[in-house]
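**Q** need a 3D model of the sequence below.
(4 chains, ligands or ions: 4)
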2 protein chains.
Amino acid sequence: MRTETVENYLKTIYNLSSDNTLVVSNQKLADKLSINPASVTEALRKLHELKYVIYEKSYGTRLTTTGSKLALSIVRRHRIWETYLVKELGFGWDEVHEIAEELEHVKNDKLINKLAEILGNPVYDPHGDPIPDAKGKIQKSNFIKLSEARIKNNYKIMGVTDHSTAFLKYLDKHHLVIGASVNVKSIEEFDNSIVLVCQKKEVNISPKAADCIIIEGL
Amino acid sequence: MRTETVENYLKTIYNLSSDNTLVVSNQKLADKLSINPASVTEALRKLHELKYVIYEKSYGTRLTTTGSKLALSIVRRHRIWETYLVKELGFGWDEVHEIAEELEHVKNDKLINKLAEILGNPVYDPHGDPIPDAKGKIQKSNFIKLSEARIKNNYKIMGVTDHSTAFLKYLDKHHLVIGASVNVKSIEEFDNSIVLVCQKKEVNISPKAADCIIIEGL
DNA sequence: ATTAATTTTTAGGCATACCAAAATTAATAA
DNA sequence: TTATTAATTTTGGTATGCCTAAAAATTAAT
Ligand SMILES: [Mn+2]
Ligand SMILES: [Mn+2]
Ligand SMILES: [Mn+2]
Ligand SMILES: [Mn+2]
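**A** Residues are numbered from 1 along each chain as shown, chains lettered A, B, ... in the order given. Ligands and ions are numbered 1, 2, ... in the order given. From the prediction side, this is the model:
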């Protein structure tokens, strides 16, 4: 089985299992990888044989220790590259995900560790996602989603869970960048949209968008 | 047909045709790509259909204008990455070829042009090979091989045609790096090996090695 | 001009990675 | 509990990209 394909499956299983706590369904994998469910079934059987995952028919899939290590190393490569592209090469946080999807498959530890070193071994990537260290150790945090925020409270934006250019450009427009301080002014009764105050301006955030913004209480 | 495969064929055809002047044989392609000649025949038929090459059965292959442009852009990516790895990331000239073989397939013009800009739009890579500019224009030069050098003359090392770690480390050991000045002290009658003087030390160069060193008269 | 060696092509196969349609299994609602 | 819906798996196919062995064509040597 081709390495790049294996890598994409393992990385996606890792991302969908939120830190290996959940079992991943074929459906979600198929959606995320834009692949037919039938193909996912086949692939999982192979990954099971290769001992990268434990795939229980009609139930779900989780990573083995080996698979988890591999997944973490791909996630590390992806996030280090994203950080390098933003910090050293001047790309916007909305441009780097697609490029990193390709760069993450370049297999050379010395290269990634060199980039990490230049960046000062960063712990978070441009979207606020934690970067595993060379051993696969990952920063734990207890951030919440903006959709779970409470009225009148102050928060700091810590990350996003959607990496699409459209969404990130929208955030840029309203200065909702990582590190920004925001206050939850009100929450609309009828549609749960959130009125935020950021840099003295009011912004209305849809529930869908609020679900993709990660914050920390101040 | 998968892009990475197409890219590797086109790049290799370009390299073997020395600037599109020669027709390339299946044999040489098979050798260079470490692929069975039968597979090369098939691939060339496809590349011909795709109008990337003109493949004349049992005679040879050359690039079309389209194929040539594509090949040049891959060569550019390869050589820019090699230069970046050496100049900005501290890799040795003997370590970068393999990594660039992977990086050259990352398709993002902005990225390559950004790297080129940081490097000051270099015209030669760490092995002395010319780097095509963004439009595919390439520096012409009339360097010769060390194996063609004449006795008593002074030369400057301008490049190498073998990128293997073993060969480059051997050159490093004798200070035969790009830019070094050398004098041809003598040429052995019986085996054509060359006695060079470099940094006041004598080095004996085999004909095979001399064929891989590119020089310019001083 | 033959023969011999080399190169190229053909033929028949194989593994990977995908898909669509049908059949099965599991989950949900009535 | 049964019917309906949704998710999963099976089945049968396709395209890519590679291989070996054998045949054919080309090139080199006698
Ligand atoms: Mn990303
Ligand atoms: Mn990211
Ligand atoms: Mn190279
Ligand atoms: Mn080079």
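**Q** every contact and neighbour count from this point should use C-alpha atoms.
**A** Fine.
**Q** is chain B within reach of the longest helix belonging to chain A?
**A** As assigned by DSSP state H, the longest helix anywhere in chain A is helix A:65-87. No: under the criterion of CA under 8 Å from any CA of the partner chain, chain B is not reached by helix A:65-87; the shortest gap measures 8.6 Å.
**Q** the next helix or strand after that helix and DNA strand C in contact?
**A** Using DSSP states H and E, the helix or strand that follows helix A:65-87 towards the C-terminus is helix A:96-103. No: using CA under 7 Å from any atom of the strand, helix A:96-103 never reaches DNA strand C; the gap is at least 13.9 Å.
**Q** on contacts alone, who are the packing partners of helix A:96-103?
**A** The contact analysis (3 or more CA pairs under 8 Å, 6 or more residues apart in numbering or on different chains; DSSP states H and E) places helix A:96-103 against helix A:65-87.
**Q** other residues contacting the helix it packs on?
**A** Residues outside helix A:65-87 that contact it (CA atoms under 8 Å, 6 or more residues apart in numbering or on different chains): A:7, A:10-11, A:14, A:51-53, A:91-93, A:96-97, A:100-101, A:103-105, A:112, A:115-116, A:119, A:122, A:125-126, A:129, A:131-134, A:136.
**Q** before we move on, what about stretch A:95-102?
**A** A:78, A:79, A:81, A:82, A:85, A:86, A:163, A:164, A:165, B:106, B:108.
**Q** tell me how far the third one lies from DNA strand D.
**A** When you say that, I think you mean residue A:81. According to CA to the nearest atom of the strand, to the nearest Å, residue A:81 stands 26 Å off from DNA strand D.
**Q** pLDDT wise, what is that residue at?
**A** What the model reports for residue A:81 is a pLDDT of 98.
**Q** what does chain A put close to chain B?
**A** A:89, A:99, A:102, A:103, A:106, A:108, A:114, A:115.
**Q** widest-spaced pair of those?
**A** Within the residues of chain A next to chain B, A:89 and A:108 form the most distant pair, 19.8 Å apart (CA to CA).
**Q** residues contacting the closest residue to residue A:212 other than its chain neighbours?
**A** In space, and not counting its chain neighbours, residue A:212 is closest to residue A:161: 4.8 Å by CA to CA, 6 or more residues apart in numbering or on different chains. Residues counted as contacts of residue A:161 (CA under 8 Å, 6+ apart) are A:127, A:212, A:213, A:214.
**Q** just checking, the first one touches residue A:179?
**A** What that stands for is residue A:127. No: applying CA atoms under 8 Å as the test, residue A:127 and residue A:179 come out as separate, 10.8 Å apart.
**Q** so for those two, which residue has more residues nearby?
**A** More neighbours surround residue A:127 than the other of residue A:127 and residue A:179, with 23 against 14 (other CA atoms under 10 Å in any protein chain shown).
**Q** list the residues that contact residue A:129.
**A** Neighbour list for residue A:129: A:79, A:159, A:160 [criterion: CA under 8 Å, 6+ apart].
**Q** residue A:164 and residue A:7: what is the separation?
**A** Residue A:164 sits 21 Å away from residue A:7, going by CA to CA, to the nearest Å.
**Q** look at those two and report which has more neighbours.
**A** residue A:7 (19 against 14).
**Q** what secondary structure does that one sit in?
**A** helix (DSSP: H, G, I helix; E, B strand; the rest coil).
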